[in-house]
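Participant: dropping a prediction and its sequence here:
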Amino acid sequence: MVLPKPVVQQLLGESKDHECPEAPEICVRVMAIANLPDMFGEYQVVAFWNNFDRKEHAALIHGDIFEKEDVPVRLHSECLTGDTLGSLRCDCREQLHESMRQIAKMDRGIVLYMRQEGRGIGFINKIKAYQLQDDGYDTFRANELLGFKRDERDYDLAAHMLKSLHVRSIKLMTNNPAKIKDLQLHGIKITGRIPVIVPPNKYDRFYLETKKRAGHLLDKNEPEEILEQSEDGVDNHHWEQAE
């Protein structure tokens, strides 16, 4: 099941006719939509343009998500070493594949693939962080030693992408409460959380333990967790994030 052709034409037409305001306001456009069957199921791929970071972000869509509620969404940041090269130092590829596998079994869902390598610090700095991790620093401290925040990512673009696809509300596939809070602050209505739990290996065990200490919900195996939200879409649930 894919987006009907009239919906595809509407999304493309809206972007073609949309005039982006002057910076610094973010503007996102749907540039192309094509079928992309893969090893997990039937998907369509959406290519986005934006005036903020000028990177080519993508959405993988399964089923008809147009004007739908409670759409399962995986917000995935690019990881060349894990997603493409098969690195065992992180769980990125496993989370991506598990999300795509789950969504392909559902009526509908979206994977937003954001070009935010290394939590937003880029590929070269990510490998520099790996060097520091080889010397015993954890993933967050390595970023700090390079002069960055623990996480440089921003999900404003992701929120704009969801809005441009006319998604009314989502169930976020994540173990990271920070993603939930950030998307809500950017106006996305989140009606639930779907955990994406994958087993550790001997190379990424310390990495996952570090993420758990930073507040990731790696022990939350329940299928769904409903968040408390006010009418403006911002959650009233207090997330504790450990240092």
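Facilitator: Received the coordinates, thanks.
Participant: got the contact list for the residue nearest the centre of the chain?
Facilitator: Among the residues of the chain, the one closest to the centroid is residue 75, at 1.4 Å (C-alpha atoms, centre = their mean). Taking C-beta atoms under 8 Å, 6 or more residues apart in numbering as the contact definition, residue 75 lies against 112, 114, 155, 158, 172-174, 179, 183. Glycine gets a C-beta too; all of them are placed from N, C-alpha and C.
Participant: what helix or strand is it on?
Facilitator: Following DSSP states H and E, one finds residue 75 within strand 71-77.
Participant: rewinding a little: can you put the contacts of residue 75 in TSV and add neighbour count and distance to residue 4?
Facilitator: TSV is the format used below for the contacts of residue 75 (neighbours: other C-beta atoms under 10 Å; distance: C-beta to C-beta, whole Å):
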residue	neighbour count	distance to residue 4
112	23	21
114	22	26
155	24	28
158	25	24
172	24	25
173	24	24
174	23	29
179	21	30
183	24	27
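Participant: of the residues you listed, which belong to helices?
Facilitator: When the contacts of residue 75 are checked against helices (DSSP state H), the matches are 158, 179, 183.
Participant: on that earlier part again, who's the closest residue in space to the residue nearest to the centre of the chain that isn't next to it in sequence bridged to?
Facilitator: Nearest residue to residue 75, sequence neighbours excluded (C-beta to C-beta, 6 or more residues apart in numbering): residue 112, at 5.0 Å. Note on residue 112: beta-bridge partners residue 59, residue 75, judged by DSSP bridges.
Participant: picking up where we left off before, name the next helix or strand downstream of the strand holding residue 75, please.
Facilitator: Downstream of strand 71-77, the next assigned helix or strand under DSSP H and E is helix 92-104.
Participant: just checking, what packs against that next one?
Facilitator: In this structure, helix 92-104 packs against strand 58-62, strand 71-77, strand 109-114, strand 170-173, with contacts taken as 3 or more C-beta pairs under 8 Å, 6 or more residues apart in numbering; DSSP states H and E.
Participant: pLDDT on the third one, on average?
Facilitator: Regarding strand 109-114, the rounded mean pLDDT is 97.
Participant: could you tell me how far stretch 92-105 lies from the centre of the chain?
Facilitator: Here stretch 92-105 is found 12 Å from its chain centre; the criterion is C-alpha atoms, centre = their mean, to the nearest Å.
Participant: sort out which residues of that stretch are buried, please.
Facilitator: Neighbour-count burial for stretch 92-105, with 16 or more other C-beta atoms under 10 Å as criterion, is recorded at 92-96, 98-100, 102-104.
Participant: closest to residue 151 out of these?
Facilitator: Of all those, the one sitting nearest residue 151 is residue 92; the distance, using C-beta to C-beta, is 14.0 Å.
Participant: my read: that closest one touches residue 84, true?
Facilitator: No - using C-beta atoms under 8 Å, residue 92 and residue 84 do not qualify as a contacting pair, with a distance of 10.0 Å.
Participant: re the thing from before, any chance of the ones in helices among the contacts of residue 75 in JSON lines, plus distance to residue 38 and pLDDT?
Facilitator: Below are the ones in helices among the contacts of residue 75 laid out as JSON lines (distance: C-beta to C-beta, whole Å; pLDDT from 0 to 100):
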{"residue": "158", "distance to residue 38": "21", "pLDDT": "95"}
{"residue": "179", "distance to residue 38": "24", "pLDDT": "88"}
{"residue": "183", "distance to residue 38": "25", "pLDDT": "94"}
